[in-house]
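Undergrad: Structure, please.
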Amino acid sequence: MSELRVGDEVELDVGPVAHGGFCVARHEGRVVFVRLALPGERVLARVTEAREGQRFVRAEAVEVLTPSPHRVPPPCRYAVPGQCGGCDFQQADVAYQRDLKAAVVREQLERLAGLHRDLVHGLVVEPLPVPAEAQGEMPSGLGWRTRVEFAVDEAGVPGLHRYRSHEVVPVDTCLIADPRVLATGVLGRTWPGERAVDVVAPSVGEVVEVPVPSDPGAPVASPTVTEAVAAQGFSGNFEVSARGFWQVHPGAAATFVDVVLELLDPQPGETALDLYAGVGLFAAALASRVGETGRVVAVESDASATRAAEGNLAAYPSTLVVGARVDDAFGVARPARKGAARQRATRQRKLRRNPLLPPTADVVVLDPPRTGAGRGVCGQVAGLGARAIAYVACDPAALARDTAYLRERGYALRALRAFDAFPMTHHVECIALFAPGDPPEDGA
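TA: All right, here's what the predicted structure looks like:
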């Protein structure tokens with residue numbers, strides 16, 4: 001097996017899509033993860049990352065020798081080798097992008113969770129609806145991102161990061177950004193003394209700019225914005241920090257609320273648990289269904305989000321906000337860290353279940369970060385004895401791992417939907433329903 005070094009160029013026959021925005025190819029027995037290529041193509045690829053003795057290298061397709069029938073010219077001039085790393089699939093038509101994402105979700109669930117059922121095989125990635133007030137060209141996969149963080153270089157010039165790099169690529173536009181973000185002129189100004197500037201185009205009110213100082217110890221003045229949700233089963237306004245978490249696609253929040261409510265079907269008087277609750281979106285929707293005779297407990301670790309959730313849920317007397325990490329609240333060990341930091345964390349933490357958590361629950365919403373919930377949390381959630389769990393996943397690999405953990409504790413995957421909440425990128429949002437009982441036979 002010959003060594004490949006950064007800068008080497010090789011001709012490759014491109015194989016299937018892989019999780020992370022790559023396709024898989026091989027060169028003399030070595031795996032090559034090729035960016036900006038499509039399955040079935042033959043390309044000239046330039047190696048961008050390689051280590052001596054490593055089993056794989058990373059590369060970018062710098063020339064397409066045999067194109068896929070699904071290849072299109074990238075609409076953005078920065079979506080090319082060596083430039084912006086924000087978009088993975090601009091070289092594919094939008095419908096085929098969704099096919100690629102569905103293939104990744106299927107592969108992850110089959111490989112990591114051992115699922116081979118029609119539920120997985122028949123999965124499609126659905127486009128999100130475009131709100132009437134939206135201004136972008138969202139059917140074409142452009143103009144959807146309402147929250148954008150532009151990096152700033154040492155000269156104060158704004159731009160976006162090169163792929164897998166902290167290097168800033170100066171840009172004068174971002175085609176996936178909401179037009180209101182670009183209308184601020186943020187990319188036409190310099191930002192001396194800042195390392196980034198966040199631009200937020202909320203559904204209610206004016207666009208907000210939030211400069212982020214280069215000094216990591218300097219405070220960041222992040223104003224509060226209002227996001228309106230008009231779902232079929234629920235509506236409301238939510239206050240959230242401009243730099244806090246909120247779905248960046250304007251059609252996402254309402255769609256996800258509708259799907260979660262449909263899957264869980266909360267009933268009056270039931271107890272619901274909203275884990276990784278953010279500013280209380282799902283908790284509010286659940287509270288609207290369980291009513292004053294029911295109970296909703298929302299668990300969130302971020303202090304700013306917790307404060308916002310308390311305000312957003314003030315109109316629902318059946319809700320309680322618990323400010324804690326979910327693993328801490330359940331009294332399970334945090335994910336392992338390396339070296340002395342892990343030892344200190346282990347010594348300092350006493351594993352004790354938060355008494356504010358209910359001993360049982362009827363329905364649960366799990367909306368973990370990209371790393372997933374993990375075996376310990378999944379085990380505790382299963383121990384609640386809920387009749388239904390809705391899992392909102394922003395990473396298919398994490399969803400697959402947690403699917404296996406839940407299955408170990410007697411919860412089977414009963415329904416699965418996937419949404420193209422991040423067009424032009426490799427990211428995909430999934431919502432899964434788990435319920436107790438044996439899983440159907442493969443092929444069922």
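Undergrad: what's in contact with the host helix or strand of R307?
TA: If you go by DSSP states H and E, R307 is part of helix 303-312. Contact with helix 303-312 is made by 222, 224, 236, 238-241, 244-245, 277-280, 283-284, 298, 300, 321, 323, as judged by Cβ atoms under 8 Å, 6 or more residues apart in numbering. Using the backbone N, CA and C atoms, a C-beta is placed for each residue, glycine as well.
Undergrad: what's around P355, how many residues?
TA: Using other Cβ atoms under 10 Å, P355 has 8 neighbouring residues.
Undergrad: Next up, phi/psi of the residue most central in space within the chain, please.
TA: Central residue of the chain (Cα atoms, centre = their mean): C394, 3.2 Å from the mean position. Note on C394: its backbone torsions stand at phi -100, psi 0 [degrees, to the nearest 10].
Undergrad: P39 - that's part of a strand, no?
TA: No - with DSSP: H, G, I helix; E, B strand; the rest coil as the criterion, P39 is assigned coil and is not in a strand.
Undergrad: OK, contacts around it?
TA: 14-17, 23, 68, 100.
Undergrad: Filter the residues you listed down to the ones in helices?
TA: L100 (DSSP state H).
Undergrad: Tell me which residues touch V322, please.
TA: Contacts of V322 were listed using Cβ under 8 Å, 6+ apart, and they are 297-300, 329, 354, 356-357.
Undergrad: Check E107 too.
TA: 16, 19.
Undergrad: among the contacts of V322, which ones are buried?
TA: Among those, those classed as buried by 16 or more other Cβ atoms under 10 Å are 297-300, 329, 354, 357.
Undergrad: Just the ones of those residues in helices?
TA: The helices, defined by DSSP H, take in A329 from those.
Undergrad: Just the C-alphas of the helix holding R307, formatted as CSV.
TA: C-alpha atoms of helix 303-312 as CSV (Å, rounded to 0.1, in the frame of the first residue of the first chain):
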residue,chain,number,x,y,z
ALA,A,303,-28.5,28.7,32.1
SER,A,304,-29.7,31.2,29.5
ALA,A,305,-32.1,28.6,27.9
THR,A,306,-33.4,27.6,31.3
ARG,A,307,-34.2,31.2,32.2
ALA,A,308,-36.0,31.6,28.8
ALA,A,309,-37.9,28.3,29.3
GLU,A,310,-39.2,29.5,32.7
GLY,A,311,-40.6,32.6,31.1
ASN,A,312,-41.9,30.8,28.0
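Undergrad: quick one: V62 from V47, how far?
TA: V62 is 10 Å from V47, where distance means Cβ to Cβ, to the nearest Å.
Undergrad: intersection of neighbour lists for those two?
TA: E9.
Undergrad: Who has more neighbours out of the two?
TA: Higher neighbour count among V62 and V47: V47, with 19 against 14, using other Cβ under 10 Å.
Undergrad: so the more buried one sits in a helix?
TA: No - counting by three-state DSSP, V47 is located in no helix; its state is strand.
Undergrad: returning to that earlier point: Serialize the buried ones among the contacts of V322 to CSV and add fields for distance to S165.
TA: CSV is the format used below for the buried ones among the contacts of V322 (distance: Cβ to Cβ, whole Å):
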residue, distance to S165
V297, 42
A298, 37
V299, 35
E300, 32
A329, 37
N354, 40
L357, 42
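Undergrad: Great, nothing more from me.
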